[in-house]
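1. quick one, what's the 3D model for this:
(2 chains)
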Protein chains: 2
Amino acid sequence: MAERIAQTVRTYLERVAAGQAAQIAELYAPDGTLEDPVGTEPKQGREQITEFYGALSGLDISTELLTLRIAGDTAAFHFRVTTRHAGGASVIEPIDVMTFDDAGLITSMRAVWGPADVRNEPKE
Amino acid sequence: MAERIAQTVRTYLERVAAGQAAQIAELYAPDGTLEDPVGTEPKQGREQITEFYGALSGLDISTELLTLRIAGDTAAFHFRVTTRHAGGASVIEPIDVMTFDDAGLITSMRAVWGPADVRNEPKE
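-> Numbers count the residues shown, from 1 in each chain, chains lettered A, B, ... in the order given. A predicted model of the protein is given here:
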């Protein structure tokens, strides 16, 4: 189970970097939920989830897994998302918490980060 | 709310290092739950929670906060626990996920780590 969860987390970060909204949604269970950041209205189901990740489309993004912990049905991971734009880059390093069903699909995702965790790096 | 949560996380790690089981339990809501590691039987209420942390009693422990993220009612934090013993030290770096009530008390704690995350450092 742990190795399967680890692989899904890595695939998730690859697809976020690639901006593949529908393919990200396929990693979720059909009635999976997403709360990003925690405290906002949760999305539920692949349609809403695909729409949410649609915001990534066309962006120049890279992702890097910093720390991954897995126990039972749960993964918690600290990662970096770098979005490059004309003026430089925006960098954010959330901790996401995901739970998984027996088939290895994401049943819930909660992203723990706040506005203070976003860092802007001007172009050199 | 975020600053209050951050302070409680820092106090929590200080009290874990000091092995103060009853004082740790006071940081939890009266019906708070604890699942450490995730996948084990959750403890509920201050009596069970005090008993759980009682295992820290008499150990030579230090704690260090590595990364803290807060959003809404939730904190996720990566930290290091070093337990020194005659043969050296045992080091573990979990990611804990906590939720809080409006009074700033912990309503749930889930510790995400596995046996593979424990590192033994022999005495030099």
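
2. list the contacts of the nearest residue to residue A:122 once chain neighbours are set aside.
-> Nearest non-adjacent residue to residue A:122, counting by Cβ to Cβ, 6 or more residues apart in numbering or on different chains: residue A:88, 4.3 Å away. For glycine as for every other residue, the C-beta is placed from the backbone atoms N, C-alpha and C. By Cβ atoms under 8 Å, 6 or more residues apart in numbering or on different chains, the residues touching residue A:88 are A:120, A:121, A:122, A:123.

3. mind putting those into a markdown table with neighbour count and secondary structure?
-> What follows is the contacts of residue A:88, written out as a markdown table (neighbours: other Cβ atoms under 10 Å in any protein chain shown; DSSP: H, G, I helix; E, B strand; the rest coil):
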| residue | neighbour count | secondary structure |
| --- | --- | --- |
| A:120 | 10 | strand |
| A:121 | 12 | strand |
| A:122 | 7 | strand |
| A:123 | 9 | coil |
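
4. picking that back up, ok, now how distant is the residue nearest to residue A:122 from chain B?
-> For residue A:88, the distance to chain B (Cβ to the nearest Cβ, to the nearest Å) stands at 23 Å.

5. residue A:16: how many residues sit nearby?
-> 19 (other Cβ atoms under 10 Å in any protein chain shown).

6. that one looks like it's in a strand, true?
-> No: applying DSSP: H, G, I helix; E, B strand; the rest coil, one finds residue A:16 to be helix, outside a strand.

7. which residues of chain A lie near chain B?
-> A:2, A:37-40, A:67, A:69-78, A:93-95, A:97, A:110-114, A:117 (Cβ under 8 Å from any Cβ of the partner chain).

8. again, only this time at 10 Å
-> Proximity of chain A to chain B is confined to A:1-2, A:35-40, A:66-78, A:93-97, A:99, A:110-117 under the rule Cβ under 10 Å from any Cβ of the partner chain.

9. just the buried members of these?
-> A:35-38, A:68-78, A:93-97, A:99, A:110-114, A:117 (16 or more other Cβ atoms under 10 Å in any protein chain shown).

10. from residue A:82, how far out is residue A:97?
-> Plainly put, residue A:97 is 21 Å away from residue A:82 if you go by Cβ to Cβ, to the nearest Å.

11. please apply the same query to residue A:120.
-> From residue A:120 to residue A:82 the distance is 11 Å (Cβ to Cβ).

12. all strands of chain A, in order?
-> If DSSP state E is used as the criterion, the strands of chain A fall at A:28-35, A:43-44, A:60-71, A:74-85, A:88-92, A:95-100, A:106-112, A:118-122.
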